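Student: Give me coordinates for this.
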Amino acid sequence: MFKKLLVLTILTLLSSPIVAQEGSDEYELRSNEKMGWIIDKDGKKIEGVVKLIGTEETPWENQLKVKFIAFDEINKEKKRKDKSLKR
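Tutor: This is a model prediction of the structure:
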């Protein structure tokens, strides 16, 4: 009985880190980012992420500056730094 419990416990502990390290290949959007697309001068549609500079209180700032990152330019292997913890 003790051996069965020990084996079951060991198998459970060994399998949990495997599940916990499962990664996601999708790009995780932040609160100021939206999925979108642009059309270049040649008429080609490029899909990617639009970073909005303005907020809900100041949406007119989006008329001055908006950043666009094409999906092809996003490096999925590189980890994103969390900039929400500013000191």
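Student: Closest to the centroid, which residue in the chain?
Tutor: For the chain, the residue whose C-alpha lies nearest the mean C-alpha position (Cα atoms, centre = their mean) is Glu28; its distance is 1.8 Å.
Student: Now do the same for it: helix, strand or coil?
Tutor: coil (DSSP: H, G, I helix; E, B strand; the rest coil).
Student: Then the one 10 residues further on?
Tutor: Using three-state DSSP, the secondary structure recorded for Ile38 is strand.
Student: Can you give me the neighbour number for it?
Tutor: Each residue near Ile38 was counted by other Cβ atoms under 10 Å, and the total is 13. C-betas here are computed from N, CA, C, even on glycine.
Student: Surely it touches Val66?
Tutor: No: distance between Ile38 and Val66: 9.7 Å, which falls outside the contact criterion (Cβ atoms under 8 Å).
Student: what number of residues lie near Pro59?
Tutor: Using other Cβ under 10 Å, Pro59 has 11 other residues around it.
Student: How about the one 10 residues further on?
Tutor: As a burial measure, the neighbour count of Ile69 was computed by other Cβ under 10 Å and equals 13.
Student: Okay, now the unreliable bits of the protein?
Tutor: 15-27, 76-87 (pLDDT under 70).
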